[in-house]
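Enquirer: what shape does this take:
(2 chains)
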Amino acid sequence: MRALCWEGVGKLAVRDVPEPRIRAQGDIIVKVRASSVCGSDLHLINGYLPAMREGDILGHEFMGEVVETGPSVQRLKVGDRVVVGSVVACGSCWYCRTEQYSLCDNSNPQPVIPEKLWGHSPAGILGYSHAAGGYSGSHAEYIRVPFGDVGAFTVPDGVPDDSVVFASDAMPTGWMAADFCGLKGGEVVAVWGAGGVGQMAARAAQLLGAGRVIVIDRLPERLGTAADRLGVETVNYAETDVLEALREMTAGRGPDACIEAVGMEAHDVGPTYAYDKAKQSARLTTDRPTSVRQAIMACRKGGTVSIVGVYGGLVDKFPLGAAMNKALVLRMGQMHAQRYIPMLLDRLAAGEIDPGYLATHPMSLEEGARGYEMFEKKEEGCLRTVLHPKRS
Amino acid sequence: MTSNGTRWALAGAATVTAVGVGRVVARRRRRHQPDRAGGWYVVHRGITVDRPVDAVIGFWSDRERLDRALAEWATLEQLDENRWRCVARDPAGGRTEWRAEISVDGPRRLSWRVTRGPVIQQGQVELVPAPQDRGTEIRAELRWRSGRVRRALGLTTRRDPDRGLRDALRRIKSLIETGQMIDTRHDPSGRSPKQEAATNKVREKLMAGGRP
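Expert: Predicted structure coming up:
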């Protein structure tokens, strides 16, 4: 089969690779119909999250059709149209039992790197390097999904592939970000990042009762889309001082909750950003926490900062003093896909959330490398490139 | 300029420093040196399984299920009441055989002694109910004998009983909780056979050990 493989830092190529096979009793094989690029892939492609090996197949946000099931699979059958959570979870350990699926004890068979870096190993993630288990990704014609009964969900009829694909990662991540904020109704929520996850977080915050949602980015077209599609207020940090703007918009209080949906390769303007970027390029620091710093500084006293952008290691100049003295609640984590997907599919079917507009650039697998380039450089208003392996 | 004496003094100081740094690095690389007692290396490792004690005991005592669980990597054969023969297969197709005596020391306690095998070892396992409805703590103690040379080799190869123990505990936990072991070694990739072999070596390193 054809698959989009990582060939070294910044290099992607389509290769002929063997087809996956059922390896364990709970496995399913999914024929991929749509597989989205994700901002967190850029960290892997650019070598900021270690543990990629030449030839690894990328991709973790996808949907498709079940073509084979392992002997213990009960909930799914061949022919089911499914969306699969990016995070692999066994469904049987204490973390899964308490719905903290991204912390699953049994789904990372290669736990040594995360244990060295973070003390413990969280769940494995499909197509997300050898630190996350070494699973093959979804930018391929077929993919093996372990614990299929736990991670794959049948999709309601009538919801298009390019819409439901985001129920795999962007929607549950955005939802969890808003869920972390503990909204009771009427709050002001600020969201850093108007990409797929940021926009889904903004929509989730609206549905969970936020009074006002303010989205922050530097790309006018993304901010425009967020304003048009979701009716949120926007701040362009390239033109405006974000902290001043947020303080003014909230009459001095600051947002009640700040969601960070950007991650370790954040952009900014000014000398601090240049310094961070230089340090990161020389691998003297792993992450550029520009937007986390802003979120902490902007958040109202006693408010919540919710971090769903991906970070890998150590950060510089983290304003712990601000967080401590303002008594902030910091919440963060990889999303618990399996907890949120069924509810999100219901909301998709009911039309409460419609992420289809994120798929600005449908492409074939063969165009994958170009798709990532457009996505990274935000060319032609690219919000998300969605690859269709069978369309070539 | 500099006299010969100074040169020798500098060279000596540099050597001492290099040796010292080397020792510190070596120690840092393996911070958890096993304890030693009566000529044995001793390690203690534990893991928490999200199942009640009875279910954990049930896993061991259900022979059919145990064989099915072990099928891919080992075969067990009972020789007599408490003597067992085990043959383990590694991914490269190699086989390691050992014989052990297993004795039940109490309702939740079990000990074993390897009578014939690559490493002389003995150990015991105790099952303790975990707090807060967290299941069962499997607490294991492993003792092994090892000469200096073997010990030095053990540091550089996979034949480290401590890492083996941690790996085994992780496998047991996964088998009891999920009935299977996740393995991504055969997942497709765009690697050549040579690159795949190199990646498998990395995999082995990333799999062996692990904090149970």
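Enquirer: just want the residue of the stretch 151-300 of chain A that's nearest chain B.
Expert: A:G151 (12.2 Å; Cβ to the nearest Cβ). Heads up, the C-betas are built off the backbone N, CA and C, glycines and all.
Enquirer: grab the nearest non-local neighbour of that residue.
Expert: With Cβ to Cβ, 6 or more residues apart in numbering or on different chains as the criterion, A:G151 has its nearest non-adjacent residue at 5.0 Å, and that residue is A:G85.
Enquirer: which residue ranges of chain B form helices?
Expert: Remark: helices assigned in chain B by DSSP state H are B:4-29, B:53-61, B:63-70, B:148-156, B:161-178, B:193-207.
Enquirer: ok, now which ones touch the nearest residue to A:G8 once chain neighbours are set aside?
Expert: Take A:G8 and drop its neighbours on the chain: the residue closest to it by Cβ to Cβ, 6+ apart is A:E54, 6.2 Å away. Going by Cβ atoms under 8 Å, 6 or more residues apart in numbering or on different chains, A:E54 touches A:C5, A:W6, A:E7, A:G8, B:G190, B:R191, B:Q195.
Enquirer: and the pLDDT for the third one?
Expert: Per-residue confidence for A:E7 comes out at a pLDDT of 95.
Enquirer: for chain B, what helix or strand is lowest in average pLDDT?
Expert: The helix or strand of chain B with the poorest confidence is helix B:148-156; it has a mean of 57 (mean pLDDT, DSSP states H and E).
Enquirer: residues making contact with stretch B:37-52?
Expert: For stretch B:37-52, the external contacting residues (Cβ under 8 Å, 6+ apart) are A:92-94, A:97, A:105, B:32, B:34-36, B:56, B:129-130, B:134-146, B:151, B:161-162, B:165-166, B:169-170, B:172-173, B:176-177, B:212.
Enquirer: give me the buried entries from these.
Expert: With neighbours counted using 16 or more other Cβ atoms under 10 Å in any protein chain shown, those contain these buried positions: A:92-94, A:105, B:34, B:56, B:130, B:135-144, B:146, B:161-162, B:165-166, B:169-170, B:172-173, B:176-177, B:212.
Enquirer: which of the residues in the host helix or strand of A:G321 are buried?
Expert: Per DSSP states H and E, A:G321 falls inside helix A:320-325. For helix A:320-325, the neighbour count (16+ other Cβ under 10 Å) marks A:A323 as buried.
Enquirer: list the helices and strands that helix packs on?
Expert: Here helix A:320-325 touches helix A:290-298, going by 3 or more Cβ pairs under 8 Å, 6 or more residues apart in numbering or on different chains; DSSP states H and E.
Enquirer: mind listing what's buried in the lowest-mean-pLDDT helix or strand in chain A?
Expert: When each helix and strand of chain A is scored by mean pLDDT, DSSP H and E, helix A:271-281 comes last, with a mean of 82. Within helix A:271-281, the residues that count as buried by 16+ other Cβ under 10 Å are A:D276, A:K277, A:Q280.
Enquirer: who's in contact with that helix?
Expert: Outside helix A:271-281, the residues that touch it by Cβ under 8 Å, 6+ apart are A:Y48, A:E265, A:H267, A:D268, A:T285, A:T286, A:D287, A:R288, A:P289, A:T290, A:D316, A:K317.
Enquirer: chain A versus the residue nearest in space to the middle of chain B, what's the distance?
Expert: Centroid check for chain B by Cα atoms, centre = their mean gives B:G164 as the closest residue, at 1.4 Å. According to Cβ to the nearest Cβ, to the nearest Å, B:G164 and chain A sit 14 Å apart.
Enquirer: Three-state assignment for A:S138, please.
Expert: Using DSSP: H, G, I helix; E, B strand; the rest coil, the three-state assignment for A:S138 comes out as coil.
Enquirer: before we move on, the earlier item: which of the contacts of A:E54 count as buried?
Expert: When the contacts of A:E54 are checked for burial by 16+ other Cβ under 10 Å, the buried set is A:C5, A:W6, A:E7, B:G190, B:R191.
Enquirer: pretty sure the residue of the stretch 151-300 of chain A closest to chain B is touching A:A337, no?
Expert: Yes. The pair A:G151 / A:A337 is scored as a contact, 7.3 Å apart, by Cβ atoms under 8 Å.
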